[in-house]
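*Asks:* Give me coordinates for this.
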Amino acid sequence: MSLGASELVVKRVTAYSPRVAAGLGRLMPILDEGFSGDPMPRKALEEIIESPSHDQLVAEHRGQIVGSGVMTLILGSGFWRDKPEGQQQNRQGHLEDFVVDPSMRGVRDPGTGKSAADLIWDGMQDFCRDHDAPALVFDSETWRPDAWKFYAKHGAGPLPDTRHFEVPVPDVGANI
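*Replies:* Got it, this is the predicted structure:
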């Protein structure tokens, strides 16, 4: 299924709004049944928005929040371990709470041919490039086969015997 022009967009949230908080809250039970579906607490959302090391990304379809992902820049003195000389960086982009409404799976933007998940993935890689982070890292539960298929489609696979992923980000300094 394709949409009309610009009906599916991904944005970085730059200001709190009750509409965004409600949309994010509605998506969270898809990730974990422990969430009630209530709007995301204002303070929690504002802390992400105001942090220079975080981005809250949302996918919107006709003004409704249909997907999200939170990016965090993490710095560490040990990220360079086991990396070749010249490819040692102390920063990574960490993904958390990546979710797309199941009703949007298979829906494509006509201009790009990409899904909401693809567009959020692009936004996450843009975050990494903007922060000179050559790797995108995240965990995914093994009971999420659709997520693992999506990650494989984007060249990501778990590290051996783990549910931890580390994906090189194109066009960032010396990629790992």
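*Asks:* Buried residues, stretch 135-144. List them.
*Replies:* By neighbour count on 16 or more other Cβ atoms under 10 Å, the buried set for stretch 135-144 is 135, 136, 137, 138, 140. Placement of C-beta: from N, CA and C, glycine included.
*Asks:* Format the residues you listed as JSON lines; extra columns: pLDDT, secondary structure and distance to residue 104.
*Replies:* Putting the buried residues of stretch 135-144 into JSON lines (pLDDT from 0 to 100; DSSP: H, G, I helix; E, B strand; the rest coil; distance: Cβ to Cβ, whole Å) gives the following:
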{"residue": "135", "pLDDT": "86", "secondary structure": "strand", "distance to residue 104": "27"}
{"residue": "136", "pLDDT": "91", "secondary structure": "strand", "distance to residue 104": "22"}
{"residue": "137", "pLDDT": "90", "secondary structure": "strand", "distance to residue 104": "25"}
{"residue": "138", "pLDDT": "90", "secondary structure": "strand", "distance to residue 104": "20"}
{"residue": "140", "pLDDT": "89", "secondary structure": "coil", "distance to residue 104": "19"}
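*Asks:* Please enumerate the helices of the chain.
*Replies:* Under the criterion DSSP state H, the chain contains helices at 18-31, 42-50, 116-130, 145-153.
*Asks:* Look up how far residue 9 lies from residue 123.
*Replies:* Separation of residue 123 from residue 9 (Cβ to Cβ, to the nearest Å): 10 Å.
*Asks:* quick one: which of the two has more around it?
*Replies:* residue 123 (19 against 14; other Cβ atoms under 10 Å).
*Asks:* Need the residue closest to the centroid of the chain.
*Replies:* The centre of the chain sits closest to residue 69, judged by Cα atoms, centre = their mean, with a distance of 3.6 Å.
*Asks:* That one reaches residue 97, doesn't it?
*Replies:* Yes. The pair residue 69 / residue 97 is scored as a contact, 6.5 Å apart, by Cβ atoms under 8 Å.
*Asks:* show me the contacts for residue 96.
*Replies:* Residues near residue 96 by Cβ atoms under 8 Å, 6 or more residues apart in numbering: 69, 70, 71, 72, 138.
*Asks:* Fine by me, we can end here.
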